[in-house]
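Colleague: pasting a predicted model and its sequence here:
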Amino acid sequence: MLWSIIVGALIGVIAGAITKQGGSMGWIANIFAGLIGSAVGQALLGTWGPSLAGMALIPSIVGAVIVVAVVFILPRPQQIRQQSILFI
């Protein structure tokens, strides 16, 4: 369990570095991005390549990059409120 969290955090850090969004993410977000990205990547690409803590590293990193990119594309609640004020 602890090993999975550590590997998930490292995958999240790598995904943040690839997308250049790592500076704005904290450790908790890195862990979630790594764990969720691992599930997404392995669902899309399978479990090929080197594996660590039950996570195939290459598909996990690709999945985490997808997760981080999608999260940063979605508007933040603060941005939604500002946009709705402009339309009133």
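Modeller: Arrived safely.
Colleague: give me the below-cutoff pLDDT ranges for the protein.
Modeller: When residues are selected by pLDDT under 70, those of the chain lie in 22-24, 75-88.
Colleague: show me where it has strands.
Modeller: Along the chain, the stretches classed as strands by DSSP state E are 51-52, 55-56.
Colleague: among these, which comes closest to residue 21?
Modeller: Proximity to residue 21, assessed across these by Cβ to Cβ, is greatest for strand 55-56 (20.7 Å). Quick note: C-beta positions are derived from backbone N, CA and C, even for glycine.
Colleague: please enumerate the helices of this protein.
Modeller: All helices of the chain, identified by DSSP state H, fall at 2-19, 27-45, 57-73, 77-87.
Colleague: want to throw the ones you listed into JSON lines with distance to residue 51 and mean neighbour count?
Modeller: Listed next are the helices of the chain as JSON lines, based on distance: least, Cβ to Cβ, whole Å; neighbours: other Cβ atoms under 10 Å:
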{"stretch": "helix 2-19", "distance to residue 51": "10", "mean neighbour count": "19"}
{"stretch": "helix 27-45", "distance to residue 51": "10", "mean neighbour count": "20"}
{"stretch": "helix 57-73", "distance to residue 51": "7", "mean neighbour count": "20"}
{"stretch": "helix 77-87", "distance to residue 51": "37", "mean neighbour count": "9"}
